[in-house]
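Visitor: structure, please.
(one chain, ligands or ions: 1)
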Amino acid sequence: MILALDIKEREAIYSLVKEVLPFIEFFKVGAVIFTRFGPGLVYDLKQRGCKVFLDLKYHDIPNTVYEACYQAAKIGVDMLTVHSLGGYKMMRSAMDGVKRYEDENGKRGPLILAVTILTSIGEKELHDELLIKGNLKDVVLKMAENALNAGIDGVVTSQNEISIIKNFNKDIVTVVPGIRPKWSERGDQKRITTPYEAIRSGADYIVVGRPIYAHPHPKEAAIKIVEEMESAGR
Ligand code: C5P
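Guide: Numbering: from 1, shown residues only. The predicted model follows:
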């Protein structure tokens, strides 16, 4: 499980991490808290024994993404995201940035995941604003295919696409957000999956935010979700 640290106070982040750390070791740092607290937050999390998923969805010219991925590897992140709409060359450059780090340091760099189409983009936006034809699902799968052809390690995906993606290549890492245990609030998430269903469908990681950090007892919520994942038997 990866806990999304979508919280704006630094001390609240650290006390949450401390509370759940025995049960969760992977934490997602997104654009908001990275912009606010910078790489110091990543160093602090790493010092506490956490793994860090840096979710900045890089989308820029290939050379810039190459350099950004190299720097992300240097600050010690374990996993990061690029945007598949940046294209094949950009995604290859992202992998090359990590490879440079690996060659220089003799150790594994971060896994690179591609995001396909943001869940905030519906078919209407796809057609009217982006002028991308076809139905949303086909476009999502095409983006995933581009990412896999570029050698990307994994994709952020909904539960529905996991089996198709694993059919391309079973070693592709799948990370599924939009997770809601039955006992939690749905919030603004439209397409949700329970931890059990996500793991049963083959997800390698689930990303969970509010069901844990907005729960009155985050540790209890974390334990319940871990148990639910274990009950899926993988
Ligand atoms: O609080 P909640 O569990 O909904 O948080 C889910 C996390 O996963 C958030 O950080 C959100 O930005 C991220 N995410 C998502 N849907 C996507 C991609 C990322 O919910 N398609």
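
Visitor: any chance you could list what contacts stretch 226-233?
Guide: 1, 23, 24, 181, 194, 195, 196, 199, 200, 206 (Cβ atoms under 8 Å, 6 or more residues apart in numbering). (Glycine included, C-beta is placed from N, CA and C.)

Visitor: report the buried residues of it.
Guide: 228, 229 (16 or more other Cβ atoms under 10 Å).

Visitor: is the ligand contacted by the helix or strand bottoming out on mean pLDDT in the chain?
Guide: When each helix and strand of the chain is scored by mean pLDDT, DSSP states H and E, helix 162-168 comes last, with a mean of 90. No. Using Cβ under 6 Å from any ligand atom, helix 162-168 stays clear of the ligand, with a minimum separation of 13.6 Å.

Visitor: contacts for that helix?
Guide: Contact partners of helix 162-168, identified using Cβ under 8 Å, 6+ apart, comprise 141, 144, 145, 148, 155, 157, 172, 174, 176, 201, 202, 203.

Visitor: returning to that earlier point: need the contacts of stretch 226-233 in a markdown table with secondary structure and neighbour count, can you?
Guide: Below are these laid out as a markdown table (DSSP: H, G, I helix; E, B strand; the rest coil; neighbours: other Cβ atoms under 10 Å):
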| residue | secondary structure | neighbour count |
| --- | --- | --- |
| 1 | coil | 20 |
| 23 | coil | 19 |
| 24 | coil | 23 |
| 181 | coil | 16 |
| 194 | coil | 20 |
| 195 | helix | 26 |
| 196 | helix | 18 |
| 199 | helix | 24 |
| 200 | helix | 17 |
| 206 | strand | 24 |
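
Visitor: in a markdown table: these, plus distance to the ligand.
Guide: As requested, the contacts of stretch 226-233 are arranged in a markdown table below (distance: Cβ to the nearest ligand atom, whole Å):
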| residue | distance to the ligand |
| --- | --- |
| 1 | 11 |
| 23 | 16 |
| 24 | 13 |
| 181 | 10 |
| 194 | 12 |
| 195 | 11 |
| 196 | 16 |
| 199 | 16 |
| 200 | 19 |
| 206 | 9 |
